[in-house]
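Trainee: coordinates only, no sequence provided:
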């Protein structure tokens, strides 16, 4: 794709990066076949190729309007287009750059700006989010059905083994995950403990920065990343083996810290090291599958429909390890039609693009339930809560299922 970026951005780091991404696009349109919003809306501007044209126009100094903003807002950033792109276009990074520019030039109406600000300042803070969630859970039986479905039932945290092994790995506590699903990280800790690895958490290591960054408050998001690095760094200096992610959405962003902070002289090297250490839980456990086999209690454990989050299969390009580990633990995985499509959660997308999000969720639930599973498993807390709001079939993190298949 030929480009002629405006002088105001041409020589900036973002401009040079965007220019390289744009020039990689060859207009082939393969991306439209896997884009969830294009499939729902049938509008070229609601597919990756159309959005790339919009971003090219704004980067070349063309008029930026609320229509441009609308089509970029509708993008889930699921990055399925990257999986199918033969040219390796880094669409996810391009849309981050484009949205940041549009946010500055177009802005938001008062009500929407207040709502987005509330999300940015509420969700990343577990000390705010969890008490409000607990209040909703307390009155959940009294809520109207539509609202009740959005409030997940309260789960009791499960035991976390004391650190006792020479090998240690660090885990992200997260922001909403401790409130919604406090059972996930302890399950990983118990699984790792069986193979002589201790899982530890660092005080103050909450949000990864994704909430603010993907709400176009990119400076605030970068500040959150720096705070997380500071919280983790003492453990890194002590020689941890890895930083393990149980939420694939967070893992995607943390793996990109090295790139996002590469121009920060104070944090560039630390960010690069953090990204190098970061692994999804499925990557770690797949490498130790032989040792895990020794702990599996032989049994047929019923049907499971596995939902691979977009952040896992498209952004991180990890497909197969979690599914293989579940099969080896005795679970029968069902066939899920259109498994590459997004469930509609996508961080705050389900709260900002409600109608589209619910359509995608309902389609995903139909696909997941088509094999009559006893349980639905996934690898990201956002997907877990979103899918559960649309089905009576239990939705759990795959690590919990693996943990239950191992002997004490």
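Mentor: Okay, I see it. Keep in mind it's a predicted model, so treat the numbers as computed, not measured.
Trainee: residue 18 reaches residue 94, doesn't it?
Mentor: Yes - Residue 18 lies in contact with residue 94 (CB atoms under 8 Å); the separation is 5.9 Å. Every C-beta, even on glycine, is put in place using the N, C-alpha and C of the backbone.
Trainee: give me the helices and strands touching the worst-scoring helix or strand of the chain on mean pLDDT, please.
Mentor: Of all helical and strand segments in the chain, the minimum by mean pLDDT, DSSP states H and E falls on helix 145-148, at a mean of 81. In terms of contacts (3 or more CB pairs under 8 Å, 6 or more residues apart in numbering; DSSP states H and E), helix 145-148 is not packed against any helix or strand.
Trainee: picking that back up, neighbour-wise, which of residue 18 and residue 94 wins?
Mentor: residue 18 (26 against 23; other CB atoms under 10 Å).
Trainee: for that one, give me its contacts.
Mentor: 5, 9, 55, 59, 94, 97, 98 (CB atoms under 8 Å, 6 or more residues apart in numbering).
Trainee: switch those over to JSON lines; also include distance to residue 319, secondary structure and pLDDT.
Mentor: Output for those, formatted as JSON lines (distance: CB to CB, whole Å; DSSP: H, G, I helix; E, B strand; the rest coil; pLDDT from 0 to 100):
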{"residue": "5", "distance to residue 319": "35", "secondary structure": "coil", "pLDDT": "90"}
{"residue": "9", "distance to residue 319": "36", "secondary structure": "helix", "pLDDT": "91"}
{"residue": "55", "distance to residue 319": "28", "secondary structure": "helix", "pLDDT": "95"}
{"residue": "59", "distance to residue 319": "32", "secondary structure": "helix", "pLDDT": "94"}
{"residue": "94", "distance to residue 319": "23", "secondary structure": "helix", "pLDDT": "96"}
{"residue": "97", "distance to residue 319": "27", "secondary structure": "helix", "pLDDT": "94"}
{"residue": "98", "distance to residue 319": "28", "secondary structure": "helix", "pLDDT": "94"}
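Trainee: using TSV, please lay out those residues together with distance to residue 256.
Mentor: Below are these laid out as TSV (distance: CB to CB, whole Å):
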residue	distance to residue 256
5	23
9	21
55	19
59	21
94	14
97	13
98	17
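Trainee: which of these sits closest to residue 293?
Mentor: residue 94 (42.7 Å; CB to CB).
Trainee: ok, that closest one - contacts?
Mentor: 18, 21, 22, 52, 55.
Trainee: pull the most distant pair out of the residues you listed.
Mentor: 18 and 52 (10.3 Å).
Trainee: for the stretch 251-400 of the chain, just list every one of the helices.
Mentor: 257-260, 268-277, 281-287, 289-293, 310, 321-328, 349-352, 354-369, 381-388, 398-404 (DSSP state H, counting those that start in this stretch).
Trainee: same question for the third one, mean pLDDT?
Mentor: Average pLDDT, helix 281-287: 98.
Trainee: now what about that helix, what contacts it?
Mentor: Everything outside helix 281-287 that qualifies as a contact, by CB under 8 Å, 6+ apart, is 169, 188, 191-192, 242, 244-246, 292, 312, 318, 321-322, 324-325, 379, 398-399, 402.
Trainee: can you list the low-confidence ranges for the chain?
Mentor: Across the chain, nothing is flagged by pLDDT under 70.
Trainee: any idea how far the nearest residue to residue 359 once chain neighbours are set aside lies from residue 385?
Mentor: Closest residue in space to residue 359, ignoring its immediate chain neighbours: residue 40 at 5.9 Å, by CB to CB, 6 or more residues apart in numbering. Distance, residue 40 to residue 385, using CB to CB, to the nearest Å: 21 Å.
Trainee: same thing with residue 136?
Mentor: 12 Å.
Trainee: before we move on, what about residue 373?
Mentor: On the measure of CB to CB, residue 373 and residue 385 end up 18 Å apart.
Trainee: so between residue 40 and residue 385, which is more surrounded?
Mentor: residue 385 (20 against 16).
Trainee: distance of the more buried one from residue 247?
Mentor: From residue 385 to residue 247 the distance is 11 Å (CB to CB).
Trainee: same check on residue 86?
Mentor: For residue 86 relative to residue 247 (CB to CB), the value is 30 Å.
Trainee: so those two - more neighbours on which side?
Mentor: residue 247 (31 against 9).
Trainee: now do the contacts for the more buried one.
Mentor: Counting by CB under 8 Å, 6+ apart, the residues that residue 247 touches are 172, 174, 177, 184, 379, 380, 381, 382.
Trainee: ok, now which ones touch the residue lying closest to the fourth one once chain neighbours are set aside?
Mentor: Ranked by CB to CB, 6+ apart and with sequence neighbours excluded, the top spatial neighbour of residue 184 is residue 397, at 4.6 Å. By CB under 8 Å, 6+ apart, the residues touching residue 397 are 181, 183, 184, 187, 246, 377, 378, 379, 381, 384.
Trainee: how about the residue nearest the centre of the chain, nearest residue that isn't a chain neighbour?
Mentor: Geometric centre of the chain, nearest residue: residue 249, 1.6 Å, by CA atoms, centre = their mean. Excluding the flanking residues, the one nearest residue 249 by CB to CB, 6+ apart is residue 311, at 4.4 Å.
Trainee: got it, and residue 224?
Mentor: residue 209 is the one closest to residue 224 (CB to CB, 6+ apart), at 3.7 Å.
Trainee: which of the contacts of residue 247 sits closest to residue 227?
Mentor: Once CB to CB is applied, the member of these that ends up nearest residue 227 is residue 172, at 12.6 Å.
Trainee: and the closest one, how many neighbours?
Mentor: Other residues close to residue 172 by other CB under 10 Å number 25.
Trainee: give the contact list for it.
Mentor: 201, 205, 208, 228, 243, 245, 246, 247, 250, 254.
Trainee: 7 Å - rerun?
Mentor: 205, 208, 245, 250 (CB atoms under 7 Å, 6 or more residues apart in numbering).
Trainee: which pair in these spans the largest distance?
Mentor: 205 and 245 (11.9 Å).
Trainee: looking at these two now, which is surrounded by more residues?
Mentor: More neighbours surround residue 245 than the other of residue 205 and residue 245, with 30 against 20 (other CB under 10 Å).
Trainee: from residue 380, how far off is that one?
Mentor: In terms of CB to CB, residue 245 sits 10 Å off from residue 380.
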